[in-house]
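In: pasting the sequence and the predicted coordinates here, then a few questions.
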Amino acid sequence: MKAVAAMEHAGVPIDGPSHSRLVGTWEDLRRQIVREVDQDYGVFEGATFKTNLFEQWLRTQGLDWPRLASGKPALDDETFRERAKLYPQVAPLREVRSTLSQLRPADLAVGPDNRNRCLLSPFRSKTGRNQPSASRFIFGPSTWLRGLIRPEHGTGIAYLDWGQQEFGIAAALSGDEAMMRAYRSGDPYLEFGKMAGAIPSDATKASHPRERELYKTVVLAVQYQMGVGSLGRRLNLSEFEAKLLLDAHRSIFRKFWRWSDAAVDYGVLDRRLFTVFGWDLHVTSQTKPRTLRNFPMQANAAEMLRLAICLAFERGVRVVAPVHDALMIEAPIGELEHAVSVTQGAMAEASEVVLLGFRLGVDVYVVSYPDRYTDPRGERMWQLVMGLLEKRNR
């Protein structure tokens, strides 16, 4: 909790003038955003999202979408977030929906010193993850708004995240040697395709992008519990061809599947699951099998993040925010490289502790003043919004 208090006290550096411009023009600006983006979708009437128009768009795109018991498409943000990972064309639409329904720049907790601070709410979720306010925390609303993050003069920030964390956790905790080998290759999707005999052993991401994308989709389909029919529609394959791909995953990563099935069985029979450090999930008759399969990855990822933050904090790093499978640090520009190195070491050590000696890789994104942080998923929207603001000021 000392590390949590330090992060809440530090806060994330924000571009105050840009934030003020967004707040001052927001009501008019959000209508312009909808008009601009909806030109590619045709799913809005005015500022109202229309389910029937969305269903038409899904059909024209050939996209599979989770359905409610009524047969209508699920429209919650979690569904949009997961589908955006499978279908990149969904991402801008999700950004607009989030912008309309959740985002009010004035709600962001930005102090007079242009720092974003709010209660981080550790252990609030059932997986033990932090769960700060979705409207007050800069990493809560639409990803494009993260463009407001900008280091102060003379300083820099770094965003460090574990590469393919869930895949690595599943590989290590299940003890699946093939899955661990795929992770250690540096590109588990490409390696999976090689193991399946569908990609040459000397292939690279550049030489076989289509095949890699196919096996990446299969891995994500497993993570999101996608069925044969859904996977077939996603890849424009027959159900038989999709089944062969899923069967390949089950065949190559057999130990993982035995472990995953056992997690479901144990949760149902013992009415609980737990992490390596003892964080419990209390299972009820309403708990879904998908929840039981996901819990070991999600909850142990939370354990890993907590430990990494504590280690980095104790080693003198100024950690300013926890972000799901990542953390953000801040340092004077002359000290930033050292702070990044220390944090990478802390994150690697945390992964080894949680995963019984298995080390996860850490990706780093560094931003120094006067540049700003950008999230690739929201970059297009950020540029659109900034362009609209510039037009208003002419």
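Out: In hand now; what should we look at? Numbering: from 1, shown residues only.
In: need the helices for the stretch 51-200 of the chain, in chain order.
Out: 51-61, 77-86, 91-101, 165-174, 177-184, 188-195 (DSSP state H, counting those that start in this stretch).
In: output the ones you listed in CSV, with mean pLDDT, distance to D325 and mean neighbour count appended to each entry.
Out: All C-beta spots, glycine's among them, are computed from the backbone N, C-alpha and C. What follows is these, written out as CSV (pLDDT from 0 to 100; distance: least, C-beta to C-beta, whole Å; neighbours: other C-beta atoms under 10 Å):
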stretch, mean pLDDT, distance to D325, mean neighbour count
helix 51-61, 93, 29, 14
helix 77-86, 80, 13, 16
helix 91-101, 81, 18, 21
helix 165-174, 96, 5, 23
helix 177-184, 97, 14, 19
helix 188-195, 96, 15, 23
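In: report all helices and strands that whichever helix in the chain runs longest contacts.
Out: Longest helix in the chain, counting residues (DSSP state H): helix 289-314. Counting contacts by 3 or more C-beta pairs under 8 Å, 6 or more residues apart in numbering; DSSP states H and E, helix 289-314 packs against helix 2-10, helix 165-174, helix 254-270, strand 272-274, strand 280-282, strand 318-323, strand 326-332, helix 333-354.
In: okay, the angle between it and helix 333-354?
Out: Between helix 289-314 and helix 333-354, the angle comes out at 130 degrees (axes from the mean of the first three to the mean of the last three C-alpha atoms, to 10 degrees).
In: P332 bridge partners, please.
Out: T155 (DSSP bridges).
In: that one: what's it in contact with?
Out: Residues in contact with P332 (C-beta atoms under 8 Å, 6 or more residues apart in numbering) are 154-156.
In: can you turn the buried part of these into a PyMOL selection?
Out: Provided next is the PyMOL selection string for whichever of the contacts of P332 are buried by 16 or more other C-beta atoms under 10 Å:
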select buried, resi 155+156
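In: closest one to A248 out of the contacts of P332, please.
Out: G156 (43.8 Å; C-beta to C-beta).
In: against R306, how distant is the closest one?
Out: Relative to R306, G156 is positioned 25 Å away (C-beta to C-beta, to the nearest Å).
In: just how off-centre is stretch 48-68 within its chain?
Out: 23 Å (C-alpha atoms, centre = their mean, to the nearest Å).
In: so how far does that stretch reach from one end to the other?
Out: Start to finish, the residues bounding stretch 48-68 are 20 Å apart (C-alpha to C-alpha, to the nearest Å).
In: list the contacts of that stretch.
Out: Against stretch 48-68 from outside (C-beta under 8 Å, 6+ apart): 41-45, 72-75, 79, 83, 87, 89-90, 97, 100, 229-230, 233-234, 236.
In: poorly predicted segments of the stretch 1-150 of the chain, please.
Out: 102-103 (pLDDT under 70).
In: at 80 instead, please
Out: 47, 64, 78, 82, 85-86, 98-103 (pLDDT under 80).
In: sort out which of the contacts of stretch 48-68 are in strands and list them.
Out: The strands, defined by DSSP state E, take in 44-45 from these.
In: what residues of the helix or strand harbouring W382 count as buried?
Out: Using DSSP states H and E, W382 maps to helix 379-393. Of the residues in helix 379-393, those buried by neighbour count under the rule 16+ other C-beta under 10 Å are 381-382, 384-385, 388-389.
In: can I get those in CSV with distance to V34 and pLDDT?
Out: Listed next are the buried residues of helix 379-393 as CSV, based on distance: C-beta to C-beta, whole Å; pLDDT from 0 to 100:
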residue, distance to V34, pLDDT
M381, 12, 84
W382, 16, 90
L384, 11, 87
V385, 12, 88
L388, 11, 88
L389, 16, 87
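In: including distance to T51, could those residues go into a markdown table?
Out: Listed next are these as a markdown table, based on distance: C-beta to C-beta, whole Å:
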| residue | distance to T51 |
| --- | --- |
| M381 | 22 |
| W382 | 28 |
| L384 | 24 |
| V385 | 26 |
| L388 | 27 |
| L389 | 31 |
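In: and these, which two are the farthest apart?
Out: Farthest pair in the buried residues of helix 379-393, by C-beta to C-beta: M381 and L389, 12.6 Å.
In: distance of Q165 relative to V354?
Out: 11 Å.
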